[in-house]
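Novice: Here is a sequence with its predicted model. Questions after.
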Amino acid sequence: MGSTFSFYTYNQGPFEELEAFHEAYREEECFENGNDTYAGHLGILQEGLALQKQIFNSEEEARNFIEENHHKCNQAMAAPYKGKAYAYPKSYTDLIASRKKAENDFYATQAAIVQEIKAVKSKTISCKACRSVINRQFIADMYCPVCREKDVFFSKTHLKRLEAKSKKLRVFVQIAPPKKKELVDGIAYVVGGWCPT
(Lines give C-alpha, C1' and ligand atoms only; values in the text may rest on other atoms or scores of the structure.)
Protein backbone atom coordinates (compact mmCIF):
# COMPACT_ATOMS: atom_id res chain seq x y z
CA MET A 1 0.00 0.00 0.00
CA GLY A 2 2.17 2.78 -1.33
CA SER A 3 1.29 6.04 -2.97
CA THR A 4 2.12 8.00 -6.07
CA PHE A 5 2.20 11.78 -6.46
CA SER A 6 -0.23 13.04 -9.06
CA PHE A 7 -0.93 16.64 -10.09
CA TYR A 8 -2.21 18.94 -12.83
CA THR A 9 -2.06 22.67 -13.44
CA TYR A 10 -5.11 24.87 -13.91
CA ASN A 11 -5.00 28.35 -15.43
CA GLN A 12 -8.51 28.74 -16.86
CA GLY A 13 -10.07 30.95 -14.19
CA PRO A 14 -10.61 31.70 -10.51
CA PHE A 15 -10.78 29.16 -7.68
CA GLU A 16 -14.59 28.91 -7.87
CA GLU A 17 -14.29 27.65 -11.46
CA LEU A 18 -11.44 25.35 -10.44
CA GLU A 19 -13.67 23.63 -7.86
CA ALA A 20 -16.25 22.75 -10.50
CA PHE A 21 -13.51 21.67 -12.93
CA HIS A 22 -11.90 19.47 -10.28
CA GLU A 23 -15.13 17.62 -9.52
CA ALA A 24 -15.59 16.88 -13.23
CA TYR A 25 -11.92 15.86 -13.43
CA ARG A 26 -12.34 13.45 -10.49
CA GLU A 27 -15.38 11.82 -12.10
CA GLU A 28 -13.54 11.42 -15.42
CA GLU A 29 -10.49 9.91 -13.70
CA CYS A 30 -12.66 7.39 -11.85
CA PHE A 31 -14.53 6.51 -15.03
CA GLU A 32 -11.38 6.00 -17.10
CA ASN A 33 -9.05 4.53 -14.47
CA GLY A 34 -11.40 2.91 -11.97
CA ASN A 35 -12.59 4.06 -8.59
CA ASP A 36 -10.81 1.47 -6.50
CA THR A 37 -9.38 2.97 -3.31
CA TYR A 38 -5.88 2.12 -4.55
CA ALA A 39 -6.28 3.23 -8.19
CA GLY A 40 -3.47 5.79 -7.83
CA HIS A 41 -5.10 8.93 -9.27
CA LEU A 42 -6.60 12.18 -7.93
CA GLY A 43 -10.15 10.97 -8.52
CA ILE A 44 -10.02 8.63 -5.52
CA LEU A 45 -9.03 11.31 -3.00
CA GLN A 46 -11.72 12.86 -0.79
CA GLU A 47 -14.20 15.24 -2.44
CA GLY A 48 -13.32 18.92 -2.61
CA LEU A 49 -10.11 20.88 -2.65
CA ALA A 50 -7.95 22.21 0.17
CA LEU A 51 -6.93 25.70 -1.00
CA GLN A 52 -3.63 26.98 0.31
CA LYS A 53 -3.64 30.66 1.33
CA GLN A 54 -0.03 31.30 0.36
CA ILE A 55 0.61 32.36 -3.24
CA PHE A 56 3.80 30.81 -4.56
CA ASN A 57 6.22 32.47 -6.97
CA SER A 58 6.34 29.58 -9.44
CA GLU A 59 4.60 26.39 -10.47
CA GLU A 60 7.55 24.37 -9.17
CA GLU A 61 7.32 25.95 -5.68
CA ALA A 62 3.59 25.22 -5.53
CA ARG A 63 4.09 21.62 -6.67
CA ASN A 64 6.91 21.08 -4.14
CA PHE A 65 4.75 22.47 -1.33
CA ILE A 66 1.95 20.01 -2.14
CA GLU A 67 4.40 17.15 -2.49
CA GLU A 68 5.89 17.87 0.95
CA ASN A 69 2.63 18.64 2.81
CA HIS A 70 -0.13 16.45 1.39
CA HIS A 71 -1.26 13.27 3.15
CA LYS A 72 -2.82 10.56 1.01
CA CYS A 73 -5.99 10.37 3.12
CA ASN A 74 -6.92 14.02 2.55
CA GLN A 75 -8.51 16.09 -0.21
CA ALA A 76 -6.35 17.15 -3.11
CA MET A 77 -4.51 20.41 -2.45
CA ALA A 78 -4.74 23.48 -4.67
CA ALA A 79 -1.72 25.76 -4.42
CA PRO A 80 -1.94 29.12 -6.21
CA TYR A 81 1.12 30.52 -7.95
CA LYS A 82 2.00 33.61 -9.95
CA GLY A 83 1.97 32.73 -13.61
CA LYS A 84 0.02 33.01 -16.83
CA ALA A 85 -3.71 32.48 -16.52
CA TYR A 86 -6.70 32.91 -18.78
CA ALA A 87 -9.04 35.67 -17.70
CA TYR A 88 -11.72 37.87 -19.18
CA PRO A 89 -10.51 41.34 -20.15
CA LYS A 90 -10.47 43.88 -17.33
CA SER A 91 -13.13 45.94 -19.09
CA TYR A 92 -15.53 42.97 -18.84
CA THR A 93 -14.74 42.22 -15.18
CA ASP A 94 -15.24 45.93 -14.38
CA LEU A 95 -18.66 45.78 -16.07
CA ILE A 96 -19.60 42.72 -14.02
CA ALA A 97 -18.54 44.49 -10.81
CA SER A 98 -20.61 47.53 -11.80
CA ARG A 99 -23.62 45.32 -12.51
CA LYS A 100 -23.29 43.65 -9.11
CA LYS A 101 -23.11 47.08 -7.45
CA ALA A 102 -26.23 48.22 -9.35
CA GLU A 103 -28.08 45.05 -8.25
CA ASN A 104 -27.07 45.59 -4.63
CA ASP A 105 -28.14 49.26 -4.80
CA PHE A 106 -31.53 48.30 -6.25
CA TYR A 107 -32.25 45.66 -3.58
CA ALA A 108 -30.96 47.88 -0.77
CA THR A 109 -33.24 50.71 -1.92
CA GLN A 110 -36.17 48.30 -2.11
CA ALA A 111 -35.51 47.06 1.44
CA ALA A 112 -35.09 50.64 2.72
CA ILE A 113 -38.44 51.65 1.23
CA VAL A 114 -40.19 48.68 2.84
CA GLN A 115 -38.65 49.67 6.19
CA GLU A 116 -39.82 53.27 5.68
CA ILE A 117 -43.37 52.03 5.07
CA LYS A 118 -43.27 49.84 8.17
CA ALA A 119 -41.86 52.67 10.32
CA VAL A 120 -44.79 55.08 9.77
CA LYS A 121 -46.74 55.79 12.99
CA SER A 122 -50.12 54.50 11.79
CA LYS A 123 -50.46 50.76 12.44
CA THR A 124 -52.30 49.94 9.21
CA ILE A 125 -52.04 50.68 5.50
CA SER A 126 -54.48 50.06 2.66
CA CYS A 127 -53.61 48.07 -0.44
CA LYS A 128 -54.24 50.15 -3.57
CA ALA A 129 -55.25 47.05 -5.55
CA CYS A 130 -57.54 44.96 -3.30
CA ARG A 131 -58.40 47.68 -0.73
CA SER A 132 -57.45 45.39 2.18
CA VAL A 133 -56.37 47.10 5.37
CA ILE A 134 -53.12 45.49 6.49
CA ASN A 135 -51.16 45.79 9.69
CA ARG A 136 -47.76 47.28 8.75
CA GLN A 137 -45.88 44.61 10.70
CA PHE A 138 -47.04 42.02 8.13
CA ILE A 139 -45.46 43.84 5.19
CA ALA A 140 -42.35 41.83 4.37
CA ASP A 141 -41.59 42.99 0.84
CA MET A 142 -43.05 45.00 -2.03
CA TYR A 143 -46.06 42.68 -2.46
CA CYS A 144 -49.44 42.88 -0.76
CA PRO A 145 -49.73 39.88 1.60
CA VAL A 146 -53.40 39.45 0.57
CA CYS A 147 -53.57 39.88 -3.22
CA ARG A 148 -49.81 39.62 -4.00
CA GLU A 149 -49.93 42.72 -6.21
CA LYS A 150 -46.58 44.48 -6.55
CA ASP A 151 -45.70 48.01 -5.36
CA VAL A 152 -49.18 48.75 -3.95
CA PHE A 153 -47.82 50.39 -0.79
CA PHE A 154 -45.24 52.55 -2.56
CA SER A 155 -45.77 56.28 -3.02
CA LYS A 156 -44.88 58.06 -6.28
CA THR A 157 -41.60 59.16 -4.66
CA HIS A 158 -40.78 55.57 -3.71
CA LEU A 159 -41.53 54.41 -7.26
CA LYS A 160 -39.32 57.16 -8.73
CA ARG A 161 -36.43 56.09 -6.48
CA LEU A 162 -36.86 52.47 -7.53
CA GLU A 163 -37.16 53.38 -11.21
CA ALA A 164 -33.89 55.33 -11.05
CA LYS A 165 -32.10 52.30 -9.57
CA SER A 166 -33.85 50.01 -12.06
CA LYS A 167 -32.63 52.11 -15.02
CA LYS A 168 -29.04 51.74 -13.85
CA LEU A 169 -29.54 47.99 -13.59
CA ARG A 170 -31.16 47.61 -17.04
CA VAL A 171 -28.02 49.02 -18.67
CA PHE A 172 -26.16 45.87 -17.61
CA VAL A 173 -28.79 43.24 -18.42
CA GLN A 174 -27.57 42.37 -21.92
CA ILE A 175 -23.86 42.10 -21.14
CA ALA A 176 -22.49 39.05 -22.90
CA PRO A 177 -19.07 37.68 -21.99
CA PRO A 178 -16.33 38.00 -24.60
CA LYS A 179 -15.86 34.99 -26.86
CA LYS A 180 -12.43 34.13 -25.42
CA LYS A 181 -10.46 34.73 -22.28
CA GLU A 182 -7.04 36.33 -22.63
CA LEU A 183 -3.77 34.87 -21.36
CA VAL A 184 -2.48 37.39 -18.81
CA ASP A 185 -0.23 37.56 -15.77
CA GLY A 186 -2.35 36.24 -12.93
CA ILE A 187 -2.93 33.35 -10.57
CA ALA A 188 -2.81 29.76 -11.74
CA TYR A 189 -3.07 26.62 -9.61
CA VAL A 190 -1.26 23.35 -9.09
CA VAL A 191 -3.72 20.72 -7.92
CA GLY A 192 -2.28 17.50 -6.60
CA GLY A 193 -1.69 15.03 -3.88
CA TRP A 194 -0.39 11.62 -2.89
CA CYS A 195 -2.74 8.96 -4.22
CA PRO A 196 -2.88 5.49 -2.67
CA THR A 197 -1.68 2.65 -4.90
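Specialist: Yep, it's here.
Novice: how's the chain carved up into domains?
Specialist: 3-88+181-196, 90-170 (automatic domain parsing).
Novice: And the shortest one, end to end?
Specialist: In other words, domain 90-170. End-to-end span of domain 90-170 (Cα to Cα, to the nearest Å): 21 Å.
Novice: Also stretch 176-185?
Specialist: Terminal-residue distance, stretch 176-185 (Cα to Cα): 23 Å.
Novice: Identify each of the helices in this protein and give its residue range.
Specialist: Using DSSP state H, the helices found in the chain span residues 15-33, 59-69, 90-119, 156-170.
Novice: Looking at those helices, which is nearest to residue 146?
Specialist: Judged by Cβ to Cβ, the one of those that comes nearest to residue 146 is helix 90-119, at 15.4 Å. (Each C-beta comes from the backbone N, C-alpha and C, glycine too.)
Novice: between the closest one and helix 156-170, how many degrees?
Specialist: Here helix 90-119 points in a direction 160 degrees away from that of helix 156-170 (axes from the mean of the first three to the mean of the last three Cα atoms, to 10 degrees).
Novice: and helix 90-119, average pLDDT?
Specialist: Computed over helix 90-119, the mean pLDDT rounds to 87.
Novice: Now do the longest strand belonging to the chain against helix 90-119, angle only.
Specialist: Taking DSSP state E as the criterion, the chain has its longest strand at strand 182-196. Angle of strand 182-196 versus helix 90-119, following the same axes, to 10 degrees, is 80 degrees.
Novice: Each with direction, which strands does strand 182-196 pair with?
Specialist: strand 3-10 (antiparallel), strand 75-87 (antiparallel) (DSSP bridges).
Novice: if we can go back for a sec, now, of the domains of the chain, which is deepest in the fold?
Specialist: Scoring those by mean neighbour count under mean count of other Cβ atoms under 10 Å gives domain 3-88+181-196 as the most buried, with a mean of 17.
Novice: What separates the first and last residues of that one, distance-wise?
Specialist: Span of domain 3-88+181-196 from end to end, Cα to Cα: 4 Å.
Novice: No further questions, thank you.
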